[in-house]
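J.: output the structure for:
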Amino acid sequence: MAEKTVATAGILVILFLVMWSGAFAAASVGTELISAESDYVSIRLAVPRIRGLDDWLFEEYLNASWRLDQLEFAHEIHEAALMAKSGQLGDIPGHFFPYVCWTDFEVKYNQDGMLSLVILFYEYTGGAHGHTRQQALNYDFTTKRQLSLNDAVGRQGAVEIILDEINRQIAADPEWYFPDVLPLSHLNEEDFYLTEAGLVVFYQLYEIAPYAAGIREFVIPWQCFETAELVEP
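T.: Numbering: from 1, shown residues only. As a prediction, the model looks like this:
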């Protein structure tokens with residue numbers, strides 16, 4: 001009966017465009033909303049959709065890949081919910097709390113032919129609370145590829161500069177962090193996005209701090225990369 005409910009629930013798709021101004025004014029990012037409800041899972045996806053790129057094929061590729069990523073996430077939670085509902089994975093026999101799967105995104109930078117998106121993937125699969133993962137997508141539309149960390153700052157040796165600044169910021173308020181990870185000596189080079197104020201580097205839940213501290217973000221002012229001595233590769 002539950003499977004039939006999802007099969008007949010249908011998918012609500014609402015497409016609207018939200019315009020951001022910038023030097024690369026031709027590019028706009030909108031949202032495709034996909035939702036489905038049943039007695040065992042709630043799905044609500046906000047999928048970014050870009051329009052106005054010079055290369056229509058690259059535009060379609062981006063939209064398709066962003067949509068697929070979110071649908072795969074929803075499918076994984078949906079299948080886990082089905083198994084849990086049937087009693088195979090239930091935490092408490094006879095008691096089942098519906099699973100939750102939702103996403104949201106924010107445009108952090110859309111200027112000069114570059115785009116930074118941050119996507120949040122939230123899931124609840126039982127327990128005391130849900131879990132959120134943050135993903136950053138950074139693109140250079142001139143080269144039609146994703147930006148690496150060194151690309152974003154325009155120089156080599158970015159990691160050392162970033163870690164120095166992060167540790168400086170943490171030293172001013174260290175009680176939020178796990179003592180055994182300090183001073184920080186690592187970062188995920190994909191977990192960053194661009195803003196006008198600077199490069200933002202983030203750490204996932206539990207990576208360097210307790211759940212209550214949330215996803216930790218650090219703004220690295222662009223001046224840090226301009227004033228630091230160049231480190232040759």
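J.: number of nearby residues for Ala80?
T.: 19 (other Cβ atoms under 10 Å). (Each C-beta comes from the backbone N, C-alpha and C, glycine too.)
J.: quick one: the helices in the protein, in order.
T.: Applying DSSP state H to the chain gives helices spanning 2-9, 56-85, 149-153, 158-171, 222-227.
J.: dump those into TSV; add mean pLDDT and distance to Glu106 as well.
T.: Putting these into TSV (pLDDT from 0 to 100; distance: least, Cβ to Cβ, whole Å) gives the following:
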stretch	mean pLDDT	distance to Glu106
helix 2-9	40	28
helix 56-85	96	14
helix 149-153	92	18
helix 158-171	96	21
helix 222-227	88	20
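J.: so which of these comes closest to Ile34?
T.: Closest approach to Ile34 among those is made by helix 56-85 (7.6 Å; Cβ to Cβ).
J.: in that closest one, what's buried?
T.: 59, 62-63, 66-67, 69-70, 73-74, 77-78, 80-82, 84-85 (16 or more other Cβ atoms under 10 Å).
J.: return the distance of that helix from the chain's centre.
T.: Here helix 56-85 is found 14 Å from its chain centre; the criterion is Cα atoms, centre = their mean, to the nearest Å.
J.: which neighbouring elements make contact with that helix?
T.: Counting by 3 or more Cβ pairs under 8 Å, 6 or more residues apart in numbering; DSSP states H and E, the packing neighbours recorded for helix 56-85 are helix 2-9, strand 28-37, strand 41-51, strand 99-111, strand 114-124.
J.: where among the ones you listed is the average confidence lowest?
T.: Lowest mean pLDDT within the helices and strands packed on helix 56-85: helix 2-9, a mean of 40.
J.: name whatever forms a beta bridge with the residue nearest to the spatial centre of the chain.
T.: With distances taken as Cα atoms, centre = their mean, Gln135 lies nearest the centre of the chain, 2.3 Å away. Beta-bridge partners recorded for Gln135 (DSSP bridges): Ile119.
J.: didn't it look like it was pressed against Tyr122?
T.: No: with contact defined as Cβ atoms under 8 Å, Gln135 does not count as touching Tyr122 (11.8 Å).
J.: look up the closest residue to Ile170, ignoring the ones flanking it.
T.: Leaving aside its sequence neighbours, Ile170 sits nearest to Tyr177 (Cβ to Cβ, 6 or more residues apart in numbering; 6.0 Å).
J.: hmm, Ile208 and the one you found touching each other?
T.: Yes: using Cβ under 8 Å, Tyr177 is in contact with Ile208, at 5.5 Å.
J.: which residues are in contact with each of those two?
T.: Arg216 (Cβ atoms under 8 Å, 6 or more residues apart in numbering).
J.: do you know how far the residue nearest to Ile43 when sequence neighbours are not counted is from Ser65?
T.: Leaving aside its sequence neighbours, Ile43 sits nearest to Ala36 (Cβ to Cβ, 6+ apart; 4.5 Å). Separation of Ala36 from Ser65 (Cβ to Cβ, to the nearest Å): 21 Å.
J.: ok, now Tyr203?
T.: Counting by Cβ to Cβ - Tyr203 and Ser65 are separated by 25 Å.
J.: do the same with His78
T.: 20 Å.
J.: what's the answer for Trp56, then?
T.: In terms of Cβ to Cβ, Trp56 sits 15 Å off from Ser65.
J.: can you put the helices of the chain in JSON lines and add distance to Ala197?
T.: Converted to JSON lines, those look like this (distance: least, Cβ to Cβ, whole Å):
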{"stretch": "helix 2-9", "distance to Ala197": "43"}
{"stretch": "helix 56-85", "distance to Ala197": "25"}
{"stretch": "helix 149-153", "distance to Ala197": "14"}
{"stretch": "helix 158-171", "distance to Ala197": "13"}
{"stretch": "helix 222-227", "distance to Ala197": "8"}
